[in-house]
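J.: Here you go, sequence then predicted model.
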Amino acid sequence: MYPGRHYHRLQNGKIQCDLCPRECQLQEGQAGLCFVRQRQQDQIVLNTYGRSSGFCIDPIEKKPLYHFYPGTSVLSFGTAGCNLTCSFCQNWSISKSRQLETAARNASPLAIARAAHQNQCKSVAYTYNDPVIFLEYAVDVAQACRELGIKNVAVSAAYINAGARTEFFAWMDAANVDLKGFSELFYKQYCSARLAPVLESLQYIYHETNCHLEITNLVIPGANDDPADLEKMCQWIVNHLGADVPLHFSAFHPDYKLRDRPRTPARTLLRARQIAEKCGLHYCYTGNIVAPQSQSSRCHQCGQPLVQRDGYQIIGYQLDEQGRCQHCQTSIPGRFQGQPGEWGNRRLSIQI
């Protein structure tokens, strides 16, 4: 058990966890909805500190991050539990687990940082389940990574309160935020959560930190695929974040408690991408379908191909070290280097 942060004592004797907007009020021995933050000996403890569900080296594009050192490898790991209840969770065996044995692999922050360095990973990703709930562990790993020159990547729903948000994202170099839908009704019905705190997090990350931001929207047939809602979401991004934030539309497959829906048709994702571009977004992508033209990056100024992809393989690259288009010298949002990485489509499980 590791001492947690972001909580306070209430007059009724309970302790309120202030990490996320759920603000669970806990009696002695009781765990929050996330299951991994628990009240013990009159404090909040994190019971998955130093414990992971597994380690894997992935292409950074799998996170998905298309504007963050393309072609490089990222050491990915998560723990157990989640602070959302998404009925469509694509990673439910980890995020919904209430068995601590799910996080049975022990690894200290320094061991993870050293493993990333030894395997020549550009970054470490906090993923599989939401890193918000293991903030203390993630921050300690991120600090160890910074000392070895390793970047830090958060894959998160960004359902987090202001105080914890400031601490967490101060250590992140990039984030892909899962914007699950664009109505309070959707968040309430499918996630037992609220949309507003997520929008606050997106604005904070983009405007108040140095963290590179990309957004993913998992498009679910009959749930959040209404063109009017997609247009509202894209227009909000343009108005509150700007046209340069990369947006990924990802295909849903039936899983967990939402098995009565079909897979997302490719035409639905391509339509969503058209809506986004019509709203003025410069970099819009599709995921979990075969569509090379909507998975490659083009310069928003001159239209020339900049990063061409075949799956996660980089097959064309025309950016300089400053992330400028080699054709018209327009600066492209993101983090780039003179040459792309060569990790490709590989996925490698490792032991730490």
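T.: Thanks, I have it. Numbers count the residues shown, from 1 in each chain.
J.: where exactly do the helices run in this protein?
T.: 92-95, 109-118, 135-147, 162-169, 184-191, 196-208, 227-240, 266-279 (DSSP state H).
J.: which residues touch stretch 223-238?
T.: Contact with stretch 223-238 is made by 88, 179-183, 186, 190, 199, 215, 217-219, 245, 247, 258, 261, 264, 268, 271-272, 275-276, 278-281, as judged by C-beta atoms under 8 Å, 6 or more residues apart in numbering. Where C-beta positions appear, they are placed from N, C-alpha and C, glycine not excepted.
J.: Filter those down to just the buried residues.
T.: Buried subset of the contacts of stretch 223-238 (neighbour count, 16 or more other C-beta atoms under 10 Å): 88, 179-182, 186, 190, 199, 215, 217-219, 245, 247, 258, 264, 268, 271-272, 275-276, 279, 281.
J.: Of all residues in this structure, which one is nearest the centre?
T.: Nearest residue to the geometric centre of the chain (C-alpha atoms, centre = their mean): residue 155, 1.9 Å.
J.: Pretty sure it sits against residue 123.
T.: No. Counting by C-beta atoms under 8 Å, residue 155 stays clear of residue 123, with 11.3 Å between them.
J.: Can you tell me which of the helices of the chain is packed in deepest?
T.: helix 135-147 (a mean of 21; mean count of other C-beta atoms under 10 Å).
J.: which helices and strands does that helix pack with?
T.: strand 2-3, strand 43-46, helix 109-118, strand 123-126, strand 151-156, helix 162-169 (3 or more C-beta pairs under 8 Å, 6 or more residues apart in numbering; DSSP states H and E).
J.: In a markdown table: the ones you listed, plus mean pLDDT.
T.: Listed next are those as a markdown table, based on pLDDT from 0 to 100:
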| stretch | mean pLDDT |
| --- | --- |
| strand 2-3 | 94 |
| strand 43-46 | 97 |
| helix 109-118 | 98 |
| strand 123-126 | 98 |
| strand 151-156 | 98 |
| helix 162-169 | 98 |
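J.: Which one of the ones you listed lies nearest to residue 314?
T.: For residue 314, the closest of the helices and strands packed on helix 135-147 is strand 123-126, at 16.0 Å, according to C-beta to C-beta.
J.: Just the C-alpha atoms of that closest one, please, in PDB.
T.: These are the backbone C-alpha positions of strand 123-126, laid out as PDB (Å, rounded to 0.1, in the frame of the first residue of the first chain):
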ATOM      1  CA  SER A 123       8.800   7.200 -24.500                       C
ATOM      2  CA  VAL A 124       6.800   5.400 -21.800                       C
ATOM      3  CA  ALA A 125       3.000   5.300 -22.100                       C
ATOM      4  CA  TYR A 126       0.600   5.100 -19.100                       C
END
